[in-house]
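> missing the sequence, but the structure's below:
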């Protein structure tokens, strides 16, 4: 019984093992272009610059904006959104008073961070 199963398995797999890939020199036929309508809303990215505040709740960056007396709160989802001036990912926490530039988009009442550049 085992011998029959192995033989049947080989008969099924063998043609796949010796199959030739499709030729890449086939010529493509004439193409037509059709207009496509894209609908949606533009998400405008804004920039804020200031110093990181001393208290940082989880997944939130609080920045004391240069142009305002009120601190800005920005939602930070996941890792890899904080970089230095050279574009390298910053692995350590942002210390209070560190100068940062925040690139964000407003999503309802939240300011969702695209990325943060540590200026210091």
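Happy to help now that I have it. Computed from a prediction, not measured in an experiment: that's the story for all the values here.

> only C-alpha atoms from now on, for both contacts and neighbour counts.
Fine.

> list the contacts of the closest residue to residue 81 other than its chain neighbours.
On the basis of C-alpha to C-alpha, 6 or more residues apart in numbering, the spatially nearest residue to residue 81 that is not a chain neighbour turns out to be residue 115, at 4.5 Å. The neighbourhood of residue 115, defined by C-alpha atoms under 8 Å, 6 or more residues apart in numbering, consists of 81, 82, 83, 102, 103, 104.

> can you give me the strands for the chain?
With DSSP state E, the ranges of strands along the chain come out as 46-52, 60-65, 71-75, 82-84, 99-107, 110-118.

> buried sites along the fourth one?
Residues of strand 82-84 classed as buried: 82, 83 (neighbour count, 16 or more other C-alpha atoms under 10 Å).

> do the first one as well
Counting neighbours by 16+ other C-alpha under 10 Å, one finds that the buried residues in strand 46-52 are 48, 49, 50, 51, 52.

> residue 41: which of the residues you listed is nearest?
The closest of these to residue 41 turns out to be residue 48 (C-alpha to C-alpha; 22.1 Å).

> surely residue 65 touches residue 50?
Yes: Residue 65 lies in contact with residue 50 (C-alpha atoms under 8 Å); the separation is 4.4 Å.

> what's near enough to touch residue 73?
Residues in contact with residue 73, defined by C-alpha under 8 Å, 6+ apart, are 60, 61, 62, 63, 111.

> of those, which is the most crowded?
residue 63 (27 neighbours; other C-alpha atoms under 10 Å).
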